[in-house]
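1. Show me how the following folds:
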Amino acid sequence: MRLAATLILPLFLGGPLAWADGVSVCYNYGCNVEAPVEFSSRQLDYLRVLMSRPRDASSERLVLSDVLGRMYRMAGAQTPIWRDKGGNTEDDAVEGRMDCIDHSTTSTRFLELLADKGWLHFHQVKPRQMRRRGLIFEHWTAVLQETASGEMFAVDSWFGDHGEPVAVIPMGDWLDGKDPEIQHRVAEAVQEQMDRQEER
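-> Predicted structure coming up:
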């Protein structure tokens, strides 16, 4: 029944068929809640164009930093993760908050979607990685490996507020704790609305 509605409605409206791809995003710490997110064909076309621009591995990492932030904003239009703030202090107990487990799992799924589309030209997605400080503090990240050199990179969206560009840093630096400063900024509502319109 759902498939029939998907096929017929766009024809009735006189528009093209709008296929969507989806992933499950994690939130409320420890992947306690998972929610499906669908990316429309228009959103995917927009991401495909962005991912077609890099001409080497370095530029692909820069573009991925922006693209993943945009994917989070797209997901935030469908789930409460738009409330997430960098770190784990300013969004404590808020519905939609994300810790490093939520971020690393969701970012890995975003990267796998891009890889499945054939849009990663210079990197491969690797399993999440954990670092430990002392006896109790653990931190997780998504991971990319540069295909040509084999160099590993942490892809860590936990440091920024929701939808900000994602930190992509050499794994050695990440393991040594050379992290970007945690940001706590609230985006202008008008700018956020413009971004969402652009990405739809």
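
2. in the protein, which segments are predicted with low confidence?
-> Filtered on pLDDT under 70, the chain yields the residue ranges 1-20, 134-136, 182-200.

3. can you map out the strands along it?
-> For the chain, the strands defined by DSSP state E cover 20-27, 33-40, 123-133, 137-146, 152-156, 167-170.

4. could I get those strands as JSON lines with mean neighbour count and distance to Arg70?
-> The C-beta positions use only the backbone N, C-alpha and C, and glycine is treated the same way. Shown next, in JSON lines, are these (neighbours: other CB atoms under 10 Å; distance: least, CB to CB, whole Å):
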{"stretch": "strand 20-27", "mean neighbour count": "18", "distance to Arg70": "14"}
{"stretch": "strand 33-40", "mean neighbour count": "17", "distance to Arg70": "10"}
{"stretch": "strand 123-133", "mean neighbour count": "15", "distance to Arg70": "18"}
{"stretch": "strand 137-146", "mean neighbour count": "20", "distance to Arg70": "16"}
{"stretch": "strand 152-156", "mean neighbour count": "23", "distance to Arg70": "14"}
{"stretch": "strand 167-170", "mean neighbour count": "18", "distance to Arg70": "14"}
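
5. Which among those strands is found nearest to Thr106?
-> Thr106 lies closest, by CB to CB, to one member of the strands of the chain: strand 20-27, at 4.7 Å.

6. Give the pairing partners of that closest one; include direction for each.
-> Note on strand 20-27: by DSSP bridges, its sheet partners are strand 33-40 (antiparallel).

7. Dump the partner strand to PDB, restricted to CA.
-> Extracted C-alpha coordinates of strand 33-40, given in PDB (Å, rounded to 0.1, in the frame of the first residue of the first chain):
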ATOM      1  CA  VAL A  33      16.700   5.900  21.000                       C
ATOM      2  CA  GLU A  34      16.900   5.300  17.300                       C
ATOM      3  CA  ALA A  35      14.800   7.000  14.700                       C
ATOM      4  CA  PRO A  36      14.600   6.600  10.900                       C
ATOM      5  CA  VAL A  37      15.600   9.500   8.700                       C
ATOM      6  CA  GLU A  38      14.900   9.700   5.000                       C
ATOM      7  CA  PHE A  39      16.800  11.900   2.500                       C
ATOM      8  CA  SER A  40      14.700  13.000  -0.400                       C
END
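
8. Of all the strands of the chain, which one is nearest Met98?
-> Across the strands of the chain, Met98 has its closest neighbour in strand 20-27 (5.1 Å, CB to CB).

9. so how far is that closest one off the chain centroid?
-> Distance of strand 20-27 from its chain centroid, counting by CA atoms, centre = their mean, to the nearest Å, is 10 Å.

10. Please write out the alpha-carbon positions of it in PDB.
-> C-alpha atoms of strand 20-27 as PDB (Å, rounded to 0.1, in the frame of the first residue of the first chain):
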ATOM      1  CA  ALA A  20      14.300   8.500  -0.800                       C
ATOM      2  CA  ASP A  21      17.200   6.800   1.100                       C
ATOM      3  CA  GLY A  22      17.300   6.500   4.800                       C
ATOM      4  CA  VAL A  23      19.400   5.800   7.800                       C
ATOM      5  CA  SER A  24      18.700   5.400  11.500                       C
ATOM      6  CA  VAL A  25      20.000   8.100  13.800                       C
ATOM      7  CA  CYS A  26      20.900   7.700  17.500                       C
ATOM      8  CA  TYR A  27      20.100  10.000  20.300                       C
END
